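Undergrad: Predicted coordinates and the sequence they were generated for:
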Amino acid sequence: MESMYVLEPGSYLRRSGDALRLVKDGRTIEEIPAGGLKRLMLVGYVSLTGAVMDFLIKNRVETVFVTPTGKFRARLVLDEHRHVAIRKAQYFRLSDPAFALGVASKVVCGKIRNMYHFLMLRCRQYQNNDLGVTAARLKSLAVLAADANSLDRLRGLEGFAAKLYFGAFPSLIRNQRFPFNGRNRRPPLDPVNAMLSFAYTLITNEVLSAVKTVGLDPYLGALHEIDYGRPSLACDLVEEYRTFMADRLVLGLINRQAVMPEDFICRGKPPAEFADDDEMKQRRPVEMKPAVCKTFIVAYEQMMARSISDAAAGRQVKYRYLILNQVQRFARFLENSGDAYEPFSWEI
């Protein structure tokens, strides 16, 4: 087992020989072989024993902590990748404003093109001309983004594209029990936004893992500004997968009725301030119940195990390895300007 998700609130992990035991209220509720484990994600408030922590460090298991709503909290950081030259190239190239603008432009254009392709596909499938009109406007914005002469201009175009795209999002939802009145986050205020945020967090962590595997510095990007603790490069490189992976996953679960409104605890808008973390946990606007969280994770892992044609590699690869391949290409692009980088484009 390469990936493991711990979703049970109030539980903790113990090591037992070559297995990890998930314990709650003094009893083992799950036992998982630890051999081959590469990624561990703790969703919610889960504890680790010292023996488990020692195992994770010795076996270099990537360990991520996220809140029940999918917000990133922390990562178990091991020693840095030894490939200094690649990080040196990253710092040098992305410190050049013109080069950084070119990279950011490619990121935004790739993101908008995938929005366009998705809306055009659903336009034909649903016979909805409004989706086609929005798609055409997005296609025009991609052209403008390619010629943007500043990061501020580029970010403005990206924001406008997102506004257009999510304005059309209700037409993509075929289950009328899930209303959607626009994208919101920090915190998400409804089940659709909660699932979108959770999916984006999971995929951003996939990109972050690939970035660290390759040896790049995840905190220096081009489109996203440097901000303490924010993995700006991962935030840049995840943009090309948002529509193709995250949005389709969430819409598939909703439209197939694999999730229902009853699977969420909704509390309304949060207060402006919280007295402490306990109050925040108790009063967050929307929360996935444990059962639907497990359903979501299973669907996510099934998606990541699917294969797609990687044109640059000339073969079929699983989604997870598509991400790694793309990050490796980006690293080669930084080291050698003769190697072009093109974001993943979802051709339909």
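TA: Looks like it came in fine.
Undergrad: Pop out the phi and psi values for residue 41.
TA: Per-residue torsions, residue 41: phi -120, psi 120 (degrees, to the nearest 10).
Undergrad: who's it bridged to?
TA: residue 5, residue 64 (DSSP bridges).
Undergrad: what about it, how many neighbours?
TA: Using other Cβ atoms under 10 Å, residue 41 has 19 neighbouring residues. All C-beta spots, glycine's among them, are computed from the backbone N, C-alpha and C.
Undergrad: Same check on residue 171?
TA: Residue 171: 16 surrounding residues under other Cβ under 10 Å.
Undergrad: Pretty sure it sits against residue 126.
TA: Yes: Residue 171 is within contact range of residue 126, at 7.2 Å (criterion: Cβ atoms under 8 Å).
Undergrad: just the strands in the stretch 51-200 of the chain please.
TA: Listed in chain order, the strands of the stretch 51-200 of the chain (DSSP state E, counting those that start in this stretch) span 62-66, 72-75.
Undergrad: Where among these is average confidence lowest?
TA: Note on those: strand 72-75 shows the lowest mean pLDDT, a mean of 67.
Undergrad: Tell me where the stretch 1-150 of the chain has helices.
TA: 50-58, 84-94, 97-126, 129-146 (DSSP state H, counting those that start in this stretch).
Undergrad: among those helices, which is the most enclosed?
TA: Per residue and on average, the most neighbours among the helices of the stretch 1-150 of the chain fall to helix 97-126, with a mean of 20 (mean count of other Cβ atoms under 10 Å).
Undergrad: Output the contacting helices and strands for that one.
TA: Judged by 3 or more Cβ pairs under 8 Å, 6 or more residues apart in numbering; DSSP states H and E, helix 97-126 is in contact with helix 84-94, helix 129-146, helix 151-168, helix 232-237.
Undergrad: angle of that helix against helix 84-94?
TA: Using axes from the mean of the first three to the mean of the last three Cα atoms, to 10 degrees, one finds that helix 97-126 and helix 84-94 are set 90 degrees apart in direction.
Undergrad: give me phi/psi at residue 231?
TA: Phi and psi for residue 231, reported as degrees, to the nearest 10, are phi -80, psi 80.
Undergrad: Which residue comes closest to it once chain neighbours are left out?
TA: residue 218 (3.9 Å; Cβ to Cβ, 6 or more residues apart in numbering).
Undergrad: Can you give me the separation between that neighbour and residue 83?
TA: Distance, residue 218 to residue 83, by Cβ to Cβ, to the nearest Å: 14 Å.
Undergrad: With neighbour numbers in mind, choose between these two.
TA: A direct count of neighbours by other Cβ under 10 Å for residue 218 and residue 83 places residue 218 higher, at 20 against 13.
Undergrad: and residue 207, how many neighbours does it have?
TA: Residue 207 has 24 neighbouring residues, counting by other Cβ under 10 Å.
Undergrad: Please name the residues that touch it.
TA: 234, 237, 238, 241, 323, 327 (Cβ atoms under 8 Å, 6 or more residues apart in numbering).
Undergrad: Could you do residue 252 as well?
TA: 258, 299.
Undergrad: Then residue 123?
TA: 129, 131, 132, 135.
Undergrad: The same query, at a cut-off of 10 Å, please.
TA: Neighbour list for residue 123: 129, 130, 131, 132, 133, 134, 135, 136, 168, 171 [criterion: Cβ atoms under 10 Å, 6 or more residues apart in numbering].
Undergrad: what does residue 23 give?
TA: Residues counted as contacts of residue 23 (Cβ under 10 Å, 6+ apart) are 8, 11, 12, 13, 14, 16, 29, 30, 31, 47, 49.
Undergrad: rewinding a little: would you reformat the contacts of residue 207 as JSON lines and include pLDDT and distance to residue 57?
TA: Listed next are the contacts of residue 207 as JSON lines, based on pLDDT from 0 to 100; distance: Cβ to Cβ, whole Å:
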{"residue": "234", "pLDDT": "93", "distance to residue 57": "22"}
{"residue": "237", "pLDDT": "96", "distance to residue 57": "27"}
{"residue": "238", "pLDDT": "95", "distance to residue 57": "27"}
{"residue": "241", "pLDDT": "94", "distance to residue 57": "29"}
{"residue": "323", "pLDDT": "91", "distance to residue 57": "25"}
{"residue": "327", "pLDDT": "92", "distance to residue 57": "24"}
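Undergrad: which intervals of this structure have sub-threshold pLDDT?
TA: Applying pLDDT under 70 to the chain flags the ranges 1-3, 7-9, 34, 44-45, 67-75, 77-82, 268-283, 313, 337-338, 348.
Undergrad: From residue 260, how far out is the residue nearest to residue 264 when sequence neighbours are not counted?
TA: Closest residue to residue 264 apart from its sequence neighbours, by Cβ to Cβ, 6+ apart: residue 191 at 4.5 Å. Distance of residue 191 to residue 260, computed by Cβ to Cβ: 9 Å.
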